[in-house]
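Trainee: only geometry, no sequence info:
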């Protein structure tokens, strides 16, 4: 069975990858990686590649041969010119989901267009240095108040066009079937099969 190192310690993200990939998925914590990775890319792709390379270099120094998957994802709101975009996790405050959601709702107070989409860019960096990248998107609208589970990012504000409810109200299986990450992973798995 293939062993993949996922460039993340985000428990929600790790859980989603483990559910969708048919292989052993190890987190940064699992491999003892505790360095800070500066995600200073201007695009989701750049940030994904930065993370993948940092982890791959760490593995090489440890003498470990393994492929690395890194993703960068975020929420893009059309009437805000694509914001929060690559800054989604730190829109109002570094990894403070509630503060980020409050800022988003404030920014949208006077906007009639609340259409938005989530983007997920995944880079798979192979141990020989080559990589593939895929992107997934899912579309919807931003609600005026939090609805459903508020424990993960913007999910409770994102009303999915596919599910006709917020991601905060969806089961894991429902969300994975239509989410930006689910769609990107599906593309990644299709690449592997070809």
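Mentor: It's in. Note that the structure is predicted; figures quoted are calculated from it, not measured. Numbering: from 1, shown residues only.

Trainee: So for stretch 160-174, first residue to last residue, what's the gap.
Mentor: Criterion Cα to Cα, to the nearest Å; first-to-last residue distance in stretch 160-174 is 11 Å.

Trainee: contacts for it?
Mentor: Residues outside stretch 160-174 that contact it (Cβ atoms under 8 Å, 6 or more residues apart in numbering) are 15-16, 19, 138-141, 143, 146-150, 152, 154-159, 175, 178-179. Where you see a C-beta, it was placed from the backbone N, CA and C, and this is true even at glycine.

Trainee: Just the buried positions in stretch 102-115, please.
Mentor: For stretch 102-115, the neighbour count (16 or more other Cβ atoms under 10 Å) marks 103, 104, 107, 108, 114 as buried.

Trainee: try stretch 125-141
Mentor: Applying 16+ other Cβ under 10 Å to stretch 125-141 flags 125, 131, 133, 134, 135, 136, 138, 140, 141 as buried.

Trainee: Ok, stretch 61-68 next?
Mentor: For stretch 61-68, by 16+ other Cβ under 10 Å, it's 66, 67, 68.

Trainee: In contact with the first one, which residues?
Mentor: The reference is to residue 66. By Cβ under 8 Å, 6+ apart, the neighbours of residue 66 are 3, 4, 5, 26, 59, 127.

Trainee: Who's the closest spatial neighbour of it, skipping the chain neighbours?
Mentor: Counting by Cβ to Cβ, 6 or more residues apart in numbering, residue 5 is the residue found nearest to residue 66 once chain neighbours are left out, at 5.2 Å.

Trainee: Would you mind checking the average pLDDT for the helix or strand hosting that neighbour?
Mentor: For residue 5, the host element (DSSP states H and E) is strand 3-6. Per-region confidence: strand 3-6 scores 92 on mean pLDDT.

Trainee: The next helix or strand after that strand packs against which elements?
Mentor: Next along the chain after strand 3-6, taking DSSP H and E as the criterion, comes helix 11-20. Under the contact definition 3 or more Cβ pairs under 8 Å, 6 or more residues apart in numbering; DSSP states H and E, helix 11-20 sits against strand 3-6, strand 24-26, helix 172-178, helix 180-193.
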